[in-house]
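> sequence isn't available, so here's the structure alone:
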Ligand code: SF4
Ligand code: SF4
């Protein structure tokens, strides 16, 4: 009996018609694809991208106070930073900030402990383009920590 049903189904193209019905049901709907990299998909509000240092929005002054908490809390020891104190000043000035992106697990602990308010000196940005063509490009220096990681386009 099963063989007869299968035979009739194949003669009458039942499976093909079922497949076409599904295709026709979804065909009029708008596409969900993004034309990356021309179009970037919006990220969720609490997305954890590459670490970024922030400045005061009005003055452009650095907000990092060189407390070293982010470096100390990192479970993989990926942050190295240092600064100096001008004579008569209480707050230190950041001289260097090296972040080894290649082993970061994006746990967010470093941004979480950063104590500066209302502007956090260290945040997890919305950048997710992590790729680079050499290993040393995976260590971000202070300028890249402020400006963001430049996107490397592949050139033949
Ligand atoms: S996100 Fe986590 S692993 Fe990455 S640098 Fe910060 S503390 Fe370290
Ligand atoms: S925790 Fe924040 S303020 Fe402290 S050194 Fe790190 S980035 Fe600077």
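Great, that's in hand. From a predicted model like this one, the values you see are computed outputs, not experimental measurements. Ligands and ions are numbered 1, 2, ... in the order given.

> I'd guessed residue 141 sits against residue 100; true?
No - applying CB atoms under 8 Å as the test, residue 141 and residue 100 come out as separate, 11.0 Å apart. Backbone N, C-alpha and C define where each C-beta goes, glycine included.

> quick one: which of the two has more around it?
Between residue 141 and residue 100, counting by other CB atoms under 10 Å, residue 100 is the more crowded of the two (15 against 11).

> the more buried one: what's it in contact with?
Shown in contact with residue 100 (CB atoms under 8 Å, 6 or more residues apart in numbering): 78, 79, 138, 139.

> show me which helix runs longest in the chain.
Of all segments of type helix in the chain, defined using DSSP state H, the longest is helix 14-26.

> quick one: average confidence on the helix or strand following it?
Tracing the chain C-terminally past helix 14-26 and defining elements by DSSP states H and E, one meets strand 51-53 next. Average pLDDT, strand 51-53: 96.

> for the remainder of this discussion, apply numbering that starts at 14.
Renumbered: residue one is now 14, and that last one reads strand 64-66.

> do you know how far the residue nearest to residue 132 when sequence neighbours are not counted is from residue 32?
Leaving aside its sequence neighbours, residue 132 sits nearest to residue 76 (CB to CB, 6 or more residues apart in numbering; 5.0 Å). Counting by CB to CB, to the nearest Å, the gap between residue 76 and residue 32 amounts to 58 Å.
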